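K.L.:
okay, here's the prediction I keep looking at, along with the sequence it came from:
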Amino acid sequence: MNNQIDIDPPLILEAFTPYRLNKAAEAVSHRFASRYRDQYGLTRPEWRTLATLGQFGTITATAVGTHSSMHKTKVSRAVLALEQRRWLLRKRDETDRRVENLVLTPAGRKAYLDLVKVAHDFEAELLQQLGPRGAAALKHGLEALEKLAG
């Protein structure tokens, strides 16, 4: 018995642009994850939290989640893990004692700086594999999609 739904034209998932974008993003993300996981034993949320703290300096966990598109529970676990490594400190905000700011320790800053090089090297390899025209097309396409997304 054939359980396929007869519709014309059918949806070919492998040709559906949103599916392809997600699949490509996951593949690239997994390739990069192997670098920071192998070198530092970081999870994806820990990497994103570390990268966000390195980029912005002092920031709240809520702001980390917003910037990195992570759910607050993932951010919370990542913050705890980085705190246990002694890579970040929690500090009460001077003007609003309800707010807890996060800041990298010297060890966290060193790890961040090491991983910045890993990230730049990975991106350069990826873009080199695409070639100049492919890299430019990817950049243009991403900019257009980001603009559409708002």
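P.N.:
Received it, and whenever you're ready, just let me know what you need.
K.L.:
okay, now the unreliable bits of the chain?
P.N.:
Applying pLDDT under 70 to the chain flags the ranges 1-2.
K.L.:
spit out the contact partners of the residue nearest the centre of it.
P.N.:
Among the residues of the chain, the one closest to the centroid is residue 48, at 4.9 Å (Cα atoms, centre = their mean). Residue 48 makes contacts with 64, 68, 70, 78, as judged by Cβ atoms under 8 Å, 6 or more residues apart in numbering. C-beta: built from backbone N, CA, C; applies to glycine.
K.L.:
the last one: how many residues sit nearby?
P.N.:
Think residue 78. Using other Cβ atoms under 10 Å, the number of residues around residue 78 comes to 26.
K.L.:
helix or strand for it, which one?
P.N.:
helix 72-84 (DSSP states H and E).
K.L.:
over to the first one?
P.N.:
With elements delineated by DSSP H and E, residue 64 resides in helix 61-68, which encompasses its position.
K.L.:
show me where this structure has helices.
P.N.:
Using DSSP state H, the helices of the chain run over 17-40, 44-56, 61-68, 72-84, 106-149.
K.L.:
gap between the longest one and the chain center?
P.N.:
Read it as helix 106-149. 11 Å (Cα atoms, centre = their mean, to the nearest Å).
K.L.:
can you spell out which helices and strands pack onto that helix?
P.N.:
helix 17-40, helix 44-56 (3 or more Cβ pairs under 8 Å, 6 or more residues apart in numbering; DSSP states H and E).
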